[in-house]
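Chemist: how does the following fold in three dimensions:
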Amino acid sequence: MRTNHRTSLSLALILLLTVLTPLSAVAAWADLEVGDTRRFVATTAPLGSDHAVRIALADRITDQVMSEIKSGAFDVGPFQDDLRRAMRDLLHDAVLSFAESDAFRNAWRTAVRATHSTVEQALTNGRGNAVTLDLAPVVRQVKAQLVSDGVPFADRIPVRDTRIVVLEANGLGVWREVAEGLRAAGIWPAVGTALLAAAAVLTAVAGRRRRALTGVGLAVAAGGVLLVVVVAVTRGTVLQDLPDDGDRAAGAAFYDALTGSLRITGWSLLGAGLLLALATWLTGRLTGRRERSPGEAP
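Modeler: The predicted model follows:
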């Protein structure tokens, strides 16, 4: 009976390991990446080279300027439609060209650094729903460059609150509370996961510990799959409320960059777990064959 109890307890720990594995990964991610400004900037700064982000930025800046022109904020006289289109194309191309410069990359880093606090609020503590990227530092640099290049009316480009919504956390609900709790836990869930795996093996009856180790490998692999699925499902949740235009494309790029390490972790857990299970199973098979082979030296 005692043997049955130990076997049942080992099995229960292995099943618990399947759930704790992705949770520990999310906890480490929330603490080390979302919670750390330096890591956050290092992760999202390369998005300045992403085509979808650049197009969304150029569209937003251009639309704002053309709106000012249309409303009469600029004293430029009457505009014909073809002239408006020509100006829009000129400004749009100028912004995209500026996006290749070092000045843009510096301005972009300033913008994403300022976004860090809104990401924390939206994904963890629930004090905000929309994650917005303030383009004011970029607009300021664009204006200076266009003025320097002699682009008409560039000196009147308004530098004010121009934002792109990159994530919408309104549909996360209780998951934000879970993320906040995991972030507070930091790396301790990962430590608990390792201890739980060891306990699952040591709790098993001596003759079944190899089988328990195989179960641990499969549980880790299943946890990796679960983590990949959660990242994919959450992606749809945070992007579904964004307009189907540049914001959604930019938001997808932003989310994929921010959760890239989670996806890598998920696939790594899958591979490592399957490798552990396979190695343990093969070792058991080879050991069993040697034990059954006649003529073995004592």
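
Chemist: run through the strands of the stretch 51-200 of the chain in chain order.
Modeler: 130-134, 163-168 (DSSP state E, counting those that start in this stretch).

Chemist: kindly reformat those as CSV containing mean neighbour count, distance to residue 43 and mean pLDDT.
Modeler: The C-beta positions use only the backbone N, C-alpha and C, and glycine is treated the same way. Below are the strands of the stretch 51-200 of the chain laid out as CSV (neighbours: other Cβ atoms under 10 Å; distance: least, Cβ to Cβ, whole Å; pLDDT from 0 to 100):
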stretch, mean neighbour count, distance to residue 43, mean pLDDT
strand 130-134, 21, 14, 75
strand 163-168, 23, 13, 73
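
Chemist: is residue 41 in contact with residue 110, as I believe?
Modeler: No - Residue 41 lies out of contact with residue 110 (Cβ atoms under 8 Å); the separation is 9.5 Å.

Chemist: looking at the strands of the stretch 51-200 of the chain, which is closest to residue 94?
Modeler: With Cβ to Cβ as the criterion, residue 94 lies closest to strand 163-168 of the strands of the stretch 51-200 of the chain, at 18.4 Å.

Chemist: using CSV, write out every CA atom in the closest one.
Modeler: Coordinates of each C-alpha in strand 163-168 appear next as CSV, following Å, rounded to 0.1, in the frame of the first residue of the first chain:
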residue,chain,number,x,y,z
ARG,A,163,0.8,58.0,-30.5
ILE,A,164,0.5,54.5,-31.9
VAL,A,165,-1.4,51.9,-30.0
VAL,A,166,0.7,48.7,-30.1
LEU,A,167,-1.1,46.5,-27.5
GLU,A,168,-4.6,46.4,-26.1
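
Chemist: check which helices and strands it is in contact with.
Modeler: For strand 163-168, the packing partners by 3 or more Cβ pairs under 8 Å, 6 or more residues apart in numbering; DSSP states H and E come out as helix 51-71, strand 130-134, helix 209-239, helix 246-258.

Chemist: how about those in TSV, adding distance to residue 188?
Modeler: Shown next, in TSV, are these (distance: least, Cβ to Cβ, whole Å):
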stretch	distance to residue 188
helix 51-71	35
strand 130-134	27
helix 209-239	17
helix 246-258	23
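
Chemist: indicate which one of these is closest to residue 283.
Modeler: Among the helices and strands packed on strand 163-168, the nearest to residue 283 by Cβ to Cβ is helix 209-239 (7.2 Å).

Chemist: same question for the lengthiest helix in the chain: list its buried residues.
Modeler: Longest helix of the chain, by residue count under DSSP state H: helix 260-292. For helix 260-292, the neighbour count (16 or more other Cβ atoms under 10 Å) marks 261-262, 265-266, 269-270, 273-274, 276-277, 280-281 as buried.

Chemist: next one: it to chain centre, how far?
Modeler: Taking Cα atoms, centre = their mean, to the nearest Å, one finds helix 260-292 lying 28 Å from the centre of the chain it belongs to.

Chemist: and it with helix 246-258, angle?
Modeler: Counting by axes from the mean of the first three to the mean of the last three Cα atoms, to 10 degrees, helix 260-292 lies at 40 degrees to helix 246-258.

Chemist: packing partners for helix 260-292?
Modeler: When contacts are defined as 3+ Cβ pairs under 8 Å, 6+ apart, helix 260-292 sits against helix 2-29, helix 209-239.

Chemist: recalculate using a threshold of 10 Å.
Modeler: Counting contacts by 3 or more Cβ pairs under 10 Å, 6 or more residues apart in numbering; DSSP states H and E, helix 260-292 packs against helix 2-29, helix 37-44, helix 209-239.

Chemist: no further queries at this time; thank you.
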